[in-house]
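Peer 1: sequence? don't have it. structure:
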């Protein structure tokens, strides 16, 4: 009976350094492409989007791109429009990055901005502030 490798004993792991580097490379290139490209899709005309993260698959052939339209307006329509333009964007991406394969792109709405706003609202609630202040005073004693 063989011993399990060190990797299998550690449990689930996150993305590799290679995946992280590739994701950042794709993210930066997409930002440049979206900044300079002129789109014919009326939903994308004049829209600014934030690409907060790109997660690349282990084989580097798929990329999930998390985006948030500026102001969060029309997020669903903008995500659908970006997914319609994904093949076009992939073609442009292939000219801007040096990778063996240009990953297929899939755009998803990044809800972390909404979650952060919700947490800020909760922390601003007078009842929560009272509890936080009472907890802080208890630690100082």
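Peer 2: Arrived safely, thanks for sending. Computed from a predicted model, the values in this text were never measured in an experiment. Numbering: from 1, shown residues only.

Peer 1: got the domain boundaries for the protein?
Peer 2: 16-110, 111-141 (automatic domain parsing).

Peer 1: start to end distance for the longest one?
Peer 2: This points to domain 16-110. End-to-end distance for domain 16-110, by C-alpha to C-alpha, to the nearest Å: 22 Å.

Peer 1: for it, give the mean pLDDT please.
Peer 2: Averaging pLDDT along domain 16-110 yields 92.

Peer 1: strands of this protein, start to end?
Peer 2: Along the chain, the segments classed as strands by DSSP state E run 49-56, 62-69, 104-109.

Peer 1: report the angle between the axes of the lengthiest helix in the chain and strand 62-69?
Peer 2: Counting residues, the longest helix found in the chain (DSSP state H) is helix 17-36. Per axes from the mean of the first three to the mean of the last three C-alpha atoms, to 10 degrees, the angle that helix 17-36 makes with strand 62-69 is 40 degrees.

Peer 1: I'd like to know which elements helix 17-36 is packed against.
Peer 2: Applying 3 or more C-beta pairs under 8 Å, 6 or more residues apart in numbering; DSSP states H and E, one finds that helix 17-36 contacts strand 49-56, strand 62-69, helix 86-96. C-betas here are computed from N, CA, C, even on glycine.

Peer 1: quick check: angle from the first one to strand 104-109?
Peer 2: The one in question is strand 49-56. Using the same axes, to 10 degrees: strand 49-56 against strand 104-109 is 130 degrees.

Peer 1: buried residues, strand 49-56. List them.
Peer 2: Neighbour counts over strand 49-56 (16 or more other C-beta atoms under 10 Å) mark 49, 51, 54, 55, 56 as buried.

Peer 1: can you put these in CSV and add distance to residue 16?
Peer 2: Compiled in CSV, these are given as follows (distance: C-beta to C-beta, whole Å):
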residue, distance to residue 16
49, 27
51, 21
54, 14
55, 12
56, 9
